[in-house]
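[1] based on what follows, work out the 3D shape:
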Amino acid sequence: MATDLGHLKSVRAGHKGAVSRKMTDLNALLVSTPVDRDSLERIKLALERKLDLLNKLSEDIVAALTDEGEIIAEIETAELVSDDIEEALSKIKRALDPPRSTPPPPIIPPPSHPTSPVPLTSHAASPSPPPVDPLASSPPVTAPTSTLRVKLPELSLHPFDGNFANWFTFWDTYKAAIHDNAELSDIGKFTYLISLLRHSAKEAIAGLSLTAANYREAIEILCKRFGDRTQIRANHMEVLMSLEPVMSSQNLSGLRRLYDTVETNIRGLKSLGVDRESYGTLLSPVILKKLPQDLRLIISRQVADDEWNLDSILRILLSEIEARERAGISNNSKPRRDRERPTGVNLYTESSQAVRSNPTSTLHVENENAVLLQTACAVVFNPTNHDFHEEVRVILDCGSQRSYITNSLKKRLQLVSEGKKAMSIMTFGSTKVRNETCDLVRVGVRAKESDFELRLLSVPHICSPIASMPVETCRSKYSYLRELDLADTLPDGELEILIGSDYYWKVVTGERIQGSHGPVAIYTRLGWVLSGSVPHFDGSYSTNLITHVLRVDSGPTFRELDKHLKAFWELESLGIRDSEDIVHEQFCSIVTLREGRYEVSLPWKDSFSTIPDHFELCSRRLNSLLRRLR
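    Numbers count the residues shown, from 1 in each chain. Okay, here's the model as predicted:
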């Protein structure tokens, strides 16, 4: 392959040298007078043949290359050579077909002297025209105009990730900019196409080699798979039927997002030839169910009985949203009073009491930044009965060895236990191991591309709700996040599924986007999740420290079993072993003879609580006192 590639490049170099010599001869002929038309014709035919040969050689070289950077550089080099030859051919065409010289238009004298006809004079080489009466009608004289060319901004194409709803937008843009561009070869178009595909769209044409023939095949595959109008209509209807509910009318961003989502999908259905009258009756109660109760009451009052349709509901909803936006009503208009929240140190404990205030170095966290956890919203369902489904919040935590689901969600989905598993759970900050028997259940998860199943352990509680994650604020502040489809769309809510290390990399693809500063966006099968530290943008976000399961052991707990066996044998030997033997063994274990003196160890306790270190707190108070005294 390397030998063939080197041979092709050597052949192309020879043809390029011949083209350079033809260019030199052409420049000499163009400046000579008179122009030798026969020589220009010969050079024109030679350059046309060389152009075809060089294009064929460039296609063969690109097909033999495997590195993407080398392919792009080779295509750019070939385009430059083709441009030079085409420019030379255009020069030859202008020299062979010179424009015919036309006399300049006659100059009409100004109408300030209407009584003295003046004979018009034209170019010296043209005969004198007859006199013209200035009062007679004559064609108007137009001044030469110049076209102002404005440098347009660079056109950037958005990648296509396999979402059916975005296919027609991507295809129309790509077709106008690249597919219908006659100046690009099929290999160049194929290179641009591959660079613009993501995820399932890129996997659809995986395996096709970079050749001109395969470009047409790749276009047919993509149009057939993602251009299916039935699938696109089903995708639009699924989005409309599974809208995210808005619980409060003060949540203007949620109301606006709901309205925009409905309008976007209705426009998509309209472009596919689906009239809203065919599904408006079905969609109207769905939209009303997603709205807060007070907005539903307002819509019910304003809609007459004979006008109860989708258009009237959306019209009233839009007017209410615009009125609230003009009035500045928002759930962030009032400053939130900071309050101390329970921390996650008592995670997976049987006690229901949480430490609310304890200013030690382990619980008191003073930080100017908020921390985004890897949370997402997902629709989970019963694999045996899809009628039981619900949208819940999920947290991805690779610090947990196993994955969990709450007992309440298991009950709502009516999941059947597939067995029980004895677990030994140790939480953060505690040395006590708690043994618990958990039900093993199977749950389905709806993803962006294809559904998947998880086998989870059922526990009473995972952690406290994570309050007010500034996801939307980050999207608007950081430009590299604005076009991403974020997975966590709920600002608050209880976490009901924890995906640990056993399924973490089944959900996370590994693709990530990171700016110079700001959170890291990680792509998962549920969408993009944000993780990392972000500043408090308006002081309205409060962060609670959540610490999840760090160590989980499954199977028998041998330590506890040893203790039970030891107690059993001591009970069996009760009355058999002499108490004096026990005292003698204890005496020998604690009393030692060193250099003629007996030493007895202090009776240390086996288990004791660690005394907290308040050095940092005392240091701050001392410095504060010294500043006041000064």
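[2] nearest residue to residue 46 other than its sequence neighbours?
    Nearest-residue entry for residue 46: residue 22, 5.7 Å, with adjacent residues in sequence omitted and distances by Cβ to Cβ, 6 or more residues apart in numbering. Every C-beta, even on glycine, is put in place using the N, C-alpha and C of the backbone.
[3] which residues does the one you found contact?
    43, 46, 47, 50, 88 (Cβ atoms under 8 Å, 6 or more residues apart in numbering).
[4] surely it forms part of a helix?
    Yes: under DSSP: H, G, I helix; E, B strand; the rest coil, residue 22 sits within a helix.
[5] got TSV for the contacts of residue 22, with neighbour count and secondary structure too?
    Shown next, in TSV, are the contacts of residue 22 (neighbours: other Cβ atoms under 10 Å; DSSP: H, G, I helix; E, B strand; the rest coil):
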residue	neighbour count	secondary structure
43	19	helix
46	16	helix
47	21	helix
50	17	helix
88	20	helix
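[6] how about a markdown table for those, with pLDDT and distance to residue 186 added?
    Formatted as a markdown table, the contacts of residue 22 follow (pLDDT from 0 to 100; distance: Cβ to Cβ, whole Å):
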| residue | pLDDT | distance to residue 186 |
| --- | --- | --- |
| 43 | 84 | 29 |
| 46 | 85 | 26 |
| 47 | 84 | 23 |
| 50 | 83 | 20 |
| 88 | 84 | 24 |
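[7] any idea which of the residues you listed is closest to residue 71?
    Nearest to residue 71 among the contacts of residue 22, counting by Cβ to Cβ, is residue 50 at 22.9 Å.
[8] who's in contact with that closest one?
    15, 18, 19, 22, 85.
[9] once you drop chain neighbours, what's closest to the last one?
    With Cβ to Cβ, 6+ apart as the criterion, residue 85 has its nearest non-adjacent residue at 4.8 Å, and that residue is residue 51.
[10] give me the mean pLDDT for the stretch of helix or strand residue 564 belongs to.
    Assigned by DSSP states H and E, residue 564 falls within helix 558-572. What helix 558-572 shows for mean pLDDT is 65.
[11] just to revisit the earlier point, got the confidence number for the residue nearest to residue 46?
    Looking at residue 22, its pLDDT reads 81.
[12] which positions within the helix or strand encompassing residue 281 qualify as buried?
    Element membership for residue 281 (DSSP H and E) is helix 280-290. Within helix 280-290, the residues scored as buried using 16 or more other Cβ atoms under 10 Å are 280, 283, 284, 287, 290.
[13] thinking the fourth one is in contact with residue 313, fair?
    Same thing as residue 287. Yes: in this structure, residue 287 is within contact of residue 313 by Cβ atoms under 8 Å, at 6.1 Å.
[14] centroid-nearest residue for the chain?
    residue 484 (3.3 Å; Cα atoms, centre = their mean).
[15] which SS class is that one?
    Assignment for residue 484 (three-state DSSP): coil.
[16] could you shift the numbering so residue one becomes 20, and keep it that way?
    I'll keep to 20 as the first residue from here, and by that count the last item is residue 503.
[17] any idea how far it lies from residue 523?
    In this view, residue 503 and residue 523 are 20 Å apart by Cβ to Cβ, to the nearest Å.
[18] also residue 603?
    If you go by Cβ to Cβ, the gap between residue 603 and residue 523 works out to 56 Å.
[19] among the two, which residue is more densely surrounded?
    Applying other Cβ atoms under 10 Å to residue 603 and residue 523 shows that residue 523 carries more neighbours, namely 17 against 11.
[20] and for the closest residue to the more buried one other than its chain neighbours, the neighbour number?
    Once flanking residues are discounted, residue 523 sits nearest to residue 417: 4.8 Å by Cβ to Cβ, 6+ apart. Residue 417 has 14 neighbours, counted by other Cβ under 10 Å.
[21] any idea of the pLDDT on the nearest residue to residue 56 once chain neighbours are set aside?
    Nearest residue to residue 56, sequence neighbours excluded (Cβ to Cβ, 6+ apart): residue 115, at 6.2 Å. As predicted, residue 115 sits at a pLDDT of 77.
[22] tell me the spacing between residue 115 and residue 54.
    If you measure residue 115 against residue 54 using Cβ to Cβ, the figure is 8 Å.
[23] what's the answer for residue 347, then?
    Counting by Cβ to Cβ - residue 347 and residue 54 are separated by 76 Å.
[24] pull the contacting residues for the residue lying closest to residue 394 once chain neighbours are set aside.
    Distances taken as Cβ to Cβ, 6+ apart put residue 507 closest to residue 394, at 4.7 Å, once the chain neighbours are dropped. By Cβ under 8 Å, 6+ apart, the contact list for residue 507 reads 394, 395, 396, 412, 488, 490, 548, 549.
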